[in-house]
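Participant: The following comprises the amino acid sequence and a computationally predicted model.
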Amino acid sequence: MLKRELINTRRFRNARCVGNYYGLCPSESTTGEKRRLGAITKHGNPRLRRMMVELAWRIVHFQPEYVALQRWGPVLANKSYGAATRKKAIVAVARRLAVDLWRIAIGRKTAQELGLRLRVQE
């Protein structure tokens with residue numbers, strides 16, 4: 001489904017464009033010297049956004065060595081954090097996963113460099 005929705009991964013110039021396409025980037029409110037990041041914009045593809053969040057939860061459970069989980073893994077594993085905090089953390093992991101999958105697709109990184117184990121299909 002990911003390949004069908006993206007069609008061509010090379011059309012994105014950088015990681016920011018990937019995050020925007022998925023709708024997983026925070027909104028921003030800037031006034032003078034103050035810069036405040038808010039909720040995600042949701043201006044991207046809703047099917048891809050939902051799929052990436054579900055995929056991020058699967059990564060948490062089945063691929064604990066993934067590099068994005070070094071920062072957010074403790075928040076997601078600990079039930080004492082509130083639901084809002086855990087939702088923010090999983091969206092952050094989903095955005096990072098989307099960018100990392102793009103990097104793998106264009107050949108900039110390998111799955112092994114990111115701590116992902118690929119299952120070889122027979």
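Facilitator: All right, it came through fine. Owing to the predicted nature of the structure, the values given are computational and were not obtained by experimental measurement. Numbering: from 1, shown residues only.
Participant: use CA for all of it now, contacts and neighbours both
Facilitator: Fine.
Participant: Ends of stretch 74-87, what's the gap?
Facilitator: 13 Å (CA to CA, to the nearest Å).
Participant: May I see the buried residues of it?
Facilitator: For stretch 74-87, burial by neighbour count (16 or more other CA atoms under 10 Å) applies to Val75, Leu76, Arg86.
Participant: Over to stretch 103-111?
Facilitator: In stretch 103-111, counting by 16+ other CA under 10 Å, buried: Arg103, Ile104, Ala105, Ala111.
Participant: Stretch 15-35 now?
Facilitator: Ala15, Val18, Gly19, Asn20, Tyr21, Tyr22, Gly23, Leu24, Cys25, Pro26.
Participant: just the helices in the chain please.
Facilitator: Under the criterion DSSP state H, the chain contains helices at 2-6, 15-22, 46-62, 69-77, 83-106.
Participant: Surely Val18 touches Asp100?
Facilitator: No. Here Val18 does not reach Asp100: they are 9.8 Å apart, not a contact under CA atoms under 8 Å.
Participant: circling back: output the buried residues of stretch 103-111 as CSV; include the columns distance to His61.
Facilitator: Shown next, in CSV, are these (distance: CA to CA, whole Å):
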residue, distance to His61
Arg103, 22
Ile104, 21
Ala105, 23
Ala111, 17
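Participant: which non-adjacent residue is nearest Gly115?
Facilitator: Among residues not flanking Gly115 along the chain, Tyr66 sits closest, at 4.4 Å (CA to CA, 6 or more residues apart in numbering).
Participant: contacting residues for the one you found?
Facilitator: Tyr66 makes contact with Ile59, Leu114, Gly115, Leu116, according to CA atoms under 8 Å, 6 or more residues apart in numbering.
Participant: Just flag the most distant two among the residues you listed.
Facilitator: Distance extremes for the contacts of Tyr66: the farthest pair is Ile59 and Leu114 at 12.0 Å, using CA to CA.
Participant: who's more crowded, the two?
Facilitator: A count of neighbours by other CA atoms under 10 Å puts Ile59 above the other of Ile59 and Leu114, at 19 against 16.
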